[in-house]
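K.L.:
need coordinates for the below:
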Amino acid sequence: MRIVGQLPTLTQRYDDKFATNRMLEAAGLPVARSFLMAPAARPGVCALADAEAALTQADLSFPLIVKPVRGRGSQGVTQVADLAALNAAAVALIANAKFGDTLIVEEYLDGDEVTVTVMPPVDGAYRALRPVRRFNQQDGVAPYNGDVAVTTNSAVIDEAELASLPMQAMLDACVRAAALVGARAVIRIDCRADASGDYKLFDLNMKPNMTGPGRPGRDDQDCLSAIAARADGWEFAQLLEAMLAAAW
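P.N.:
Prediction:
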């Protein structure tokens with residue numbers, strides 16, 4: 001039997017966005033700073049009531065991002081401007097209980113957002129496709145693709161920007177990240193630039209969305225990885241063929 005996909009144990013492990021980022025950070029990769037928060041304190045997790053002290057300890061300042069540890073796309077991801085907004089967003093997410101009661105409080109990176117698709121090794125090496133820039137964000141957060149098709153707010157970067165030092169450093173970090181998580185299928189990593197223009201990784205997706213056009217009424221349903229693949233001259237079917245070539 002040949003498989004196209006990740007090892008289930010690794011998918012489960014790296015679906016935890018906080019643990020994944022801390023692992024990548026420990027390996028020397030540039031990652032957004034963050035801490036965990038829940039209704040009650042436990043080892044490694046601060047209580048919602050202690051958020052202000054936790055922010056000081058983590059050297060984080062507003063605006064910030066609040067999001068679930070295990071989420072789906074940008075669902076539940078909120079930018080908050082002050083402590084009151086942080087508490088309100090956290091209470092709402094915990095009460096909703098859709099993604100559990102443990103949240104990530106993360107630094108807000110106010111530069112450009114790009115997403116990088118990394119193809120699994122067929123000849124022994126991982127390969128990053130052309131980065132895709134996200135624009136027309138809502139309150140600093142890209143809208144969930146189930147609500148707004150990514151083809152309306154995403155486009156590949158041009159050759160000149162691809163050659164820039166910050167972009168090449170980010171691509172190198174993404175390829176290294178793919179090796180660290182043992183990716184055996186396509187992964188997608190979301191990155192944003194900080195105030196100095198350097199990119200940090202903030203969301204590694206072991207199971208990225210893979211929609212594509214092909215049926216009436218779905219002509220705009222290219223996923224982010226398909227948009228990236230088109231920069232290499234691949235149609236959606238050719239992207240799928242490249243994924244099949246990495247079967248293990």
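K.L.:
now the strands for this structure?
P.N.:
Here the chain has its strands, by DSSP state E, at 34-38, 46-47, 64-68, 78-80, 103-107, 113-119, 127-128, 132-134, 154-156, 187-193, 199-205.
K.L.:
format these as CSV; extra columns: mean pLDDT and distance to residue 176.
P.N.:
Bear in mind the C-beta positions are built from the backbone N, C-alpha and C, glycine included. Shown next, in CSV, are those (pLDDT from 0 to 100; distance: least, Cβ to Cβ, whole Å):
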stretch, mean pLDDT, distance to residue 176
strand 34-38, 97, 20
strand 46-47, 96, 30
strand 64-68, 95, 24
strand 78-80, 95, 28
strand 103-107, 97, 21
strand 113-119, 98, 10
strand 127-128, 97, 10
strand 132-134, 97, 20
strand 154-156, 97, 22
strand 187-193, 98, 11
strand 199-205, 97, 10
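K.L.:
make TSV out of these and add distance to residue 15 and mean neighbour count.
P.N.:
Shown next, in TSV, are those (distance: least, Cβ to Cβ, whole Å; neighbours: other Cβ atoms under 10 Å):
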stretch	distance to residue 15	mean neighbour count
strand 34-38	15	20
strand 46-47	22	18
strand 64-68	11	23
strand 78-80	20	20
strand 103-107	13	24
strand 113-119	17	25
strand 127-128	21	17
strand 132-134	21	20
strand 154-156	23	18
strand 187-193	12	23
strand 199-205	9	23
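K.L.:
any chance of JSON lines for the ones you listed, columns distance to residue 90?
P.N.:
Putting the strands of the chain into JSON lines (distance: least, Cβ to Cβ, whole Å) gives the following:
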{"stretch": "strand 34-38", "distance to residue 90": "6"}
{"stretch": "strand 46-47", "distance to residue 90": "11"}
{"stretch": "strand 64-68", "distance to residue 90": "6"}
{"stretch": "strand 78-80", "distance to residue 90": "9"}
{"stretch": "strand 103-107", "distance to residue 90": "6"}
{"stretch": "strand 113-119", "distance to residue 90": "23"}
{"stretch": "strand 127-128", "distance to residue 90": "34"}
{"stretch": "strand 132-134", "distance to residue 90": "25"}
{"stretch": "strand 154-156", "distance to residue 90": "29"}
{"stretch": "strand 187-193", "distance to residue 90": "21"}
{"stretch": "strand 199-205", "distance to residue 90": "18"}
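K.L.:
and the ones you listed: which comes nearest residue 27?
P.N.:
Residue 27 lies closest to strand 199-205 among the strands of the chain, at 11.0 Å (Cβ to Cβ).
K.L.:
next, the angle from that closest one to strand 64-68.
P.N.:
With axes from the mean of the first three to the mean of the last three Cα atoms, to 10 degrees defining the directions, strand 199-205 sits at 10 degrees from strand 64-68.
K.L.:
excluding chain neighbours, give the residue nearest to the spatially most central residue of the chain in space.
P.N.:
Residue closest to the mean C-alpha point of the chain, counted by Cα atoms, centre = their mean, is residue 203 at 2.6 Å. Spatial nearest neighbour of residue 203, chain neighbours left out: residue 190 (4.1 Å); criterion: Cβ to Cβ, 6 or more residues apart in numbering.
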